[in-house]
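Participant: Give me the fold of what follows.
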Amino acid sequence: MSDKRNIPDQKRRILSEKFELRRKLHKALSKDTGLPPEVRETHRSKLAALPRNSSFTRVMNRCVFTGRAHAVYKMFRVSRIVFRDLAGKGLIQGVKKASW
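Facilitator: Residues are numbered from 1 along each chain as shown. Here you go, the predicted structure:
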């Protein structure tokens, strides 16, 4: 079940890496007020022509194990629930349960 939810996210990550340089270039040139309006407009249209899923804002952090989208730790890419289970079992390196 988690594989089906993670596939679109993985595709978005690949697309955003592929179009990153083009997107940044067109965005910077369309915002540059020193350029003539015609040049800025052409770069705006080129930016709009890029695929929507190539934007980094559409990338969703999902748990690798469950596909859960909420409460995902970026460093480990797992949800808080899975993180607690794995940390309790000692399967995450450098993490241990606090006790005092």
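
Participant: Report the separation between the residue most central in space within the chain and residue 6.
Facilitator: Closest to where the C-alpha atoms of the chain average out (Cα atoms, centre = their mean) is residue 59, at 3.4 Å. Summarising the geometry, the distance separating residue 59 from residue 6, computed by Cβ to Cβ, to the nearest Å, is 12 Å. From N, CA and C alone the C-beta is placed, and that goes for glycine too.

Participant: Also residue 82?
Facilitator: With distances defined as Cβ to Cβ, the gap from residue 82 to residue 6 amounts to 13 Å.

Participant: what do you get for residue 38?
Facilitator: 43 Å.

Participant: now swap in residue 70 and tell me
Facilitator: To residue 6, residue 70 is 15 Å away according to Cβ to Cβ.

Participant: Give the residue from those two that has the larger number of neighbours.
Facilitator: Taking neighbours as other Cβ atoms under 10 Å, residue 70 and residue 6 compare with residue 6 leading, 18 against 9.

Participant: who's in contact with the closest residue to the residue nearest to the centre of the chain other than its chain neighbours?
Facilitator: Setting aside the residues directly before and after it, residue 59 is nearest to residue 12 in space (Cβ to Cβ, 6 or more residues apart in numbering), at 5.0 Å. Contact criterion Cβ atoms under 8 Å, 6 or more residues apart in numbering gives 53, 54, 58, 59, 60 as the residues in contact with residue 12.

Participant: so residue 12 sits in a strand?
Facilitator: No - when DSSP: H, G, I helix; E, B strand; the rest coil is applied, residue 12 is found to be helix, with no strand at that position.
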